[in-house]
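Q: I'd like to go over a predicted model; first the sequence, then the structure.
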Amino acid sequence: MPMNELVQRVADSAGISEDTAVKAVDAIIAYVKEHAPPPVAAQLETYLTGDTAAAVGAAKSALGGMFGKRESE
């Protein structure tokens, strides 16, 4: 779900303005990125910005790391 769709859904669900929804979504994303493992935070960022190629690359890298594969292999 790209960022715009998420903001719209929050605005509609909460009955708030889009400007307020943007602030709420930004705060939640910042919190998650601060507390999530780095690979998860990177995937969240690339997913919300719509950069699917980067998201796939980040996922492959994270999964490879989980199974003991190093970047250079």
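A: Right, received. Where do you want to start?
Q: alpha carbons of the helix or strand harbouring residue 44, as CSV, please.
A: Element membership for residue 44, per DSSP states H and E: helix 38-49. Backbone C-alpha positions of helix 38-49 (Å, rounded to 0.1, in the frame of the first residue of the first chain) are rendered in CSV as follows:
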residue,chain,number,x,y,z
PRO,A,38,17.1,-2.5,10.1
PRO,A,39,16.1,-4.8,7.3
VAL,A,40,12.4,-4.5,8.2
ALA,A,41,12.7,-0.7,8.5
ALA,A,42,14.3,-0.6,5.0
GLN,A,43,11.6,-2.7,3.5
LEU,A,44,8.9,-0.6,5.1
GLU,A,45,10.4,2.6,3.6
THR,A,46,10.8,1.1,0.1
TYR,A,47,7.3,-0.3,0.2
LEU,A,48,5.6,2.9,1.2
THR,A,49,7.5,4.9,-1.4
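Q: what about residue 20, neighbour count?
A: Number of residues near residue 20 (other C-beta atoms under 10 Å) recorded here: 14. For every residue, glycine as well, the C-beta is placed using N, CA and C.
Q: how would you label it: helix, strand or coil?
A: Under DSSP: H, G, I helix; E, B strand; the rest coil, residue 20 falls in the helix class.
Q: correct me, but it touches residue 11?
A: Yes: in this structure, residue 20 is within contact of residue 11 by C-beta atoms under 8 Å, at 7.4 Å.
Q: which elements pack onto the helix holding residue 44?
A: The contact analysis (3 or more C-beta pairs under 8 Å, 6 or more residues apart in numbering; DSSP states H and E) places helix 38-49 against helix 3-14, helix 18-35, helix 52-66.
Q: mind running it again at 6 Å?
A: Under the contact criterion of 3 or more C-beta pairs under 6 Å, 6 or more residues apart in numbering; DSSP states H and E, helix 38-49 touches helix 52-66.
Q: what's the burial count for residue 7?
A: Neighbours of residue 7 under the rule other C-beta under 10 Å: 21.
Q: mind listing what the spatially closest residue to it that is not a sequence neighbour touches?
A: Spatially, and ignoring its direct neighbours in sequence, residue 7 is nearest to residue 21 (4.8 Å; C-beta to C-beta, 6 or more residues apart in numbering). Going by C-beta atoms under 6 Å, 6 or more residues apart in numbering, residue 21 touches 7, 10-11.
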